[in-house]
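>>> Model the following, please.
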Amino acid sequence: MIRLFYIGNALSQKGKNATSVETLSFRLRQFCEVKTASDKQNIVLRLLDMVFLVLRHCRKTDFVLIDTYSTLNFYYAFIISQMCRMLRINYIPILHGGNLEKRLKENPKMSRMIFGNAYKLVSPSNFLKERFQSFGYQNVEFIPNTIEINDFEFFNRNIEHIKLFWLRSFSKIYNPKLAVLILDSLTKKGHDAQLCMVGPDSDGSLNETKQLVKKLNLNVKFTGKLPKNEWVERSKDYNIFINTTNFDNTPVSVIEAMALGLPVVSTNVGGLPFLITHNKEGILVSPNDVNAMVDAIIKLKQNKNFKDKLVINARKKVENFDWKEIRAQWKRLLS
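Reported below is the predicted structural model:
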């Protein structure tokens, strides 16, 4: 059996959203022996835990998978990858975050040391695959983010009143305050509109968003982090999914919304145009553009045939991301 060690932030039990190290590792256990690190909340202790466990298990590991982001976590990817080189273990960075290209520009030497020596790079979007190839990295394998499609019952909603659903961590890069400004604009235009925002705080943005809601005298539901089954059930009361991010790759939250039959209005950034064809599987608008978001939402409300076409096409698209389809790609890569 293939023996994997998967490095990432496994912090869902600490109030954060589940990441790939928790979700993908669970699925890979169908045909691999998988160990993971780390669930330590303190970033220094988390790094030390990762280092110690790699050393401990290096002789019993065929591949090390490393969740790799553009944020501070980029540095643990660097440290672990260089350990793997010294220990002669094949390692595979899994590329996350639409802003990872910034690291290729600003940290070219470290990037070459991480990515140029990897067994393979795995990109969950063709966007990042193309960007990495443009910097000379040809060892990139496209393997999409995956879902269990049967966990998401398709429901084609009518839009009599606008009910917006937002699902993400509250972080500046995801621009949660834009969702509030969209609600404010819709209300001022005379629409009976609602907004529900689901997700944990990441960098203080939750409090800032709540302050904006208070200032504009709006009624927004904040649920905090919810288990998947709970937010899926709650989403049945809403009829439009908005994705307000300034940077992105191929967010699982958008894939899940498409699977559920929620029409998607998203900013046109990062890997989103590789996931959604504009006016075919969703509507894409410029980032931080309240008016464009509002116009798209109103269009969905007023044009039922257009809305129906989008959600049906979107569901068909994300059925290709079911684990039954993606499993074979991982098995082929690791074999």
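>>> rest of the way, CA atoms for contacts and neighbours
OK.
>>> what residue lies at the spatial centre of this protein?
Nearest to the geometric centre of the chain sits residue 251, at 2.9 Å (Cα atoms, centre = their mean).
>>> Contacts only, for it.
By Cα atoms under 8 Å, 6 or more residues apart in numbering, residue 251 lies in contact with residue 145.
>>> isn't residue 140 right up against residue 119?
No - using Cα atoms under 8 Å, residue 140 makes no contact with residue 119, being 9.6 Å away.
>>> neighbour-wise, which of the two wins?
residue 140 (23 against 16; other Cα atoms under 10 Å).
>>> what's near enough to touch the residue lying closest to that one once chain neighbours are set aside?
Distance criterion Cα to Cα, 6 or more residues apart in numbering; nearest residue to residue 140, sequence neighbours excluded, is residue 121 at 4.6 Å. Residue 121 is in contact with 92, 93, 94, 95, 115, 139, 140, 141, counting by Cα under 8 Å, 6+ apart.
>>> Just the ones in helices from these, please.
residue 115 (DSSP state H).
>>> any idea which of the contacts of residue 121 is closest to residue 296?
When these are ranked by distance to residue 296 (Cα to Cα), residue 95 comes first, at 30.6 Å.
>>> Would you mind listing the residues in contact with the closest one?
Residues in contact with residue 95 (Cα under 8 Å, 6+ apart) are 67, 68, 69, 121, 122, 123, 124, 128.
>>> let's go with 7 Å and repeat that
67, 68, 69, 122, 123 (Cα atoms under 7 Å, 6 or more residues apart in numbering).
>>> so what's the second one up against?
Okay, so that is residue 68. For residue 68, the contact set (Cα under 7 Å, 6+ apart) comprises 74, 77, 93, 94, 95, 96.
>>> Now it: closest residue in space, sequence neighbours ignored.
residue 95 (5.2 Å).
>>> Roughly how far does the one you found sit from residue 71?
According to Cα to Cα, to the nearest Å, residue 95 and residue 71 sit 12 Å apart.
>>> Residue 312: what secondary structure?
At residue 312 the chain is in helix, as set by DSSP: H, G, I helix; E, B strand; the rest coil.
>>> how far away is it from residue 318?
For residue 312, the distance to residue 318 equals 10 Å [Cα to Cα].
>>> just to revisit the earlier point, with pLDDT added, can I get the contacts of residue 121 in JSON lines?
Below are the contacts of residue 121 laid out as JSON lines (pLDDT from 0 to 100):
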{"residue": "92", "pLDDT": "98"}
{"residue": "93", "pLDDT": "97"}
{"residue": "94", "pLDDT": "96"}
{"residue": "95", "pLDDT": "95"}
{"residue": "115", "pLDDT": "97"}
{"residue": "139", "pLDDT": "94"}
{"residue": "140", "pLDDT": "97"}
{"residue": "141", "pLDDT": "96"}
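>>> Could you export the contacts of residue 121 as a markdown table, including distance to residue 46?
A markdown table is the format used below for the contacts of residue 121 (distance: Cα to Cα, whole Å):
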| residue | distance to residue 46 |
| --- | --- |
| 92 | 20 |
| 93 | 18 |
| 94 | 18 |
| 95 | 20 |
| 115 | 22 |
| 139 | 29 |
| 140 | 27 |
| 141 | 28 |
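>>> between the contacts of residue 121, which is closest to residue 181?
Set against residue 181, the nearest of the contacts of residue 121 by Cα to Cα is residue 95 (31.4 Å).
>>> Relative to residue 224, how far out is the residue of the chain positioned farthest from its centre?
Within the chain, residue 190 marks the point farthest from the mean C-alpha position, 33.2 Å out by Cα atoms, centre = their mean. Here residue 190 is placed at a distance of 28 Å from residue 224 (Cα to Cα).
>>> In a strand, residue 196, correct?
Yes - Residue 196 forms part of a strand when assessed by three-state DSSP.
>>> Now do the contacts for it.
164, 165, 166, 220, 221, 222.
>>> hmm, 8 Å instead?
By Cα under 8 Å, 6+ apart, residue 196 lies in contact with 163, 164, 165, 166, 220, 221, 222, 223.
>>> Generate the ChimeraX command that creates a selection of the buried members of those.
This is how ChimeraX selects the buried members of the contacts of residue 196, with burial counted by 16 or more other Cα atoms under 10 Å:
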select :163,164,165,166,220,222
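>>> Keep only those of the contacts of residue 196 that are in helices.
Per DSSP H, the contacts of residue 196 never map to helices.
>>> Check the contacts of residue 196 and tell me the two furthest apart.
163 and 223 (15.2 Å).
>>> Kind regards, and thank you for your time.
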